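In: output the structure for:
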Amino acid sequence: GLVAGRAARRYSVRAVVSGGLAAVGVALAALTTLSQSTGYPILGAALLVVGIGAGFSFTVTADVILSSVPKDQAGAASAVSETAYELGAALGIALLGSIVTGVYRGFTAPPGTPAAARESLGAAVEASTTMPAPTATAMLTAARDSFTHGLHLASGAGAAVLLATALAAWFLLKGQKLEGAA
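Out: Numbers count the residues shown, from 1 in each chain. Purely as a prediction, here's the structure:
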C-alpha cells in the first residue's frame, strides 16, 4: 500500500514531467507538417496537446521544486521558479519569433513590392491593397509561403529542444521523490 503509493508517485513525477515535455515536443513536430490548407480542428488538436502537456509538466515541476526545499524557504523557491519560467518563456518566444521573422523577411517578392511588406504578414496584406492585382497576388503568395516556412522551422526547433529536455528530465528525475507523498 504505502510503499507502492510512494513508488508510484516517484514514477509519476518522472513520467509526467518527461511525458508532458515529450507531448509538447511531438505536438510541435506535428505542426511542422501542417500547410495553409490544414483545417482548424487539426491545428486545435495539436495546440490542445501542447497545452495539456505543458500544464502537466509545469504543475508537477512546481511540486518537485517546492518539495525540495525546507518549508520556510518555499516562498523564495516559488519566486525563483516563477522567474525562471517567465524568463524561459520570454527567451523562447524571442528566439522562435526571430526564426519566423528572419525567414519571413527573406521572401522573394515581385518587383514593385513595398519594403513595408517584409515587416509582417499583416503589412504585406495591407501593402497588397495598393498594388496591381497580379503583383499583389504573387507577393501575398510568396509572403504566406515564407511565413509558413518560418513557422515550420520554429516549430521544428522548439520540438527538438523539448524532446531533448524530455529525455534529460527522464534521467535527471530518476529517484526523485516528493516529501509527504503517499
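
In: ok, for the residue nearest the centre of the chain, nearest residue in space, not its chain neighbours?
Out: What sits nearest the mean C-alpha location of the chain, by Cα atoms, centre = their mean, is Gly158, with 5.7 Å. The shortest distance from Gly158 to any non-neighbouring residue, by Cβ to Cβ, 6 or more residues apart in numbering, is to Leu28 (4.7 Å). The C-beta positions use only the backbone N, C-alpha and C, and glycine is treated the same way.

In: what's the burial count for the one you found?
Out: Number of residues near Leu28 (other Cβ atoms under 10 Å) recorded here: 25.

In: ok, Thr83 - contacts?
Out: By Cβ atoms under 8 Å, 6 or more residues apart in numbering, the contact list for Thr83 is empty.

In: name the element it belongs to?
Out: Assessed by DSSP states H and E, Thr83 sits inside helix 74-105.

In: report the buried residues of that helix.
Out: 77, 81, 96, 99-101, 103-104 (16 or more other Cβ atoms under 10 Å).

In: so how far is stretch 27-34 from its chain's centroid?
Out: 11 Å (Cα atoms, centre = their mean, to the nearest Å).

In: list the contacts for Leu153?
Out: 99-100, 103.

In: same question for Ser68.
Out: Contacts of Ser68 by Cβ under 8 Å, 6+ apart are Ala77.

In: cool, Thr130 as well?
Out: Counting by Cβ under 8 Å, 6+ apart, Thr130 has contacts Pro114.

In: sorry, back to before: for the next helix or strand after the helix holding Thr83, give the mean pLDDT please.
Out: Sequence order places helix 121-128 as the next helix or strand after helix 74-105, per DSSP H and E. For helix 121-128, mean pLDDT rounds to 95.

In: buried set for the next helix-or-strand element following helix 121-128?
Out: Next helix or strand after helix 121-128 toward the C-terminus (DSSP H and E): helix 133-172. Neighbour-count burial for helix 133-172 flags 136, 138-140, 142-144, 146-148, 150-155, 157-159, 161-163, 165-166, 169-170 (criterion: 16+ other Cβ under 10 Å).

In: thinking again about what came up before, need the contacts of Leu153 in JSON lines with pLDDT, can you?
Out: Below are the contacts of Leu153 laid out as JSON lines (pLDDT from 0 to 100):
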{"residue": "Ile99", "pLDDT": "96"}
{"residue": "Val100", "pLDDT": "95"}
{"residue": "Val103", "pLDDT": "96"}
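
In: could you tell me the end-to-end distance of stretch 122-136?
Out: Start-to-end span of stretch 122-136 (Cα to Cα, to the nearest Å) is 13 Å.
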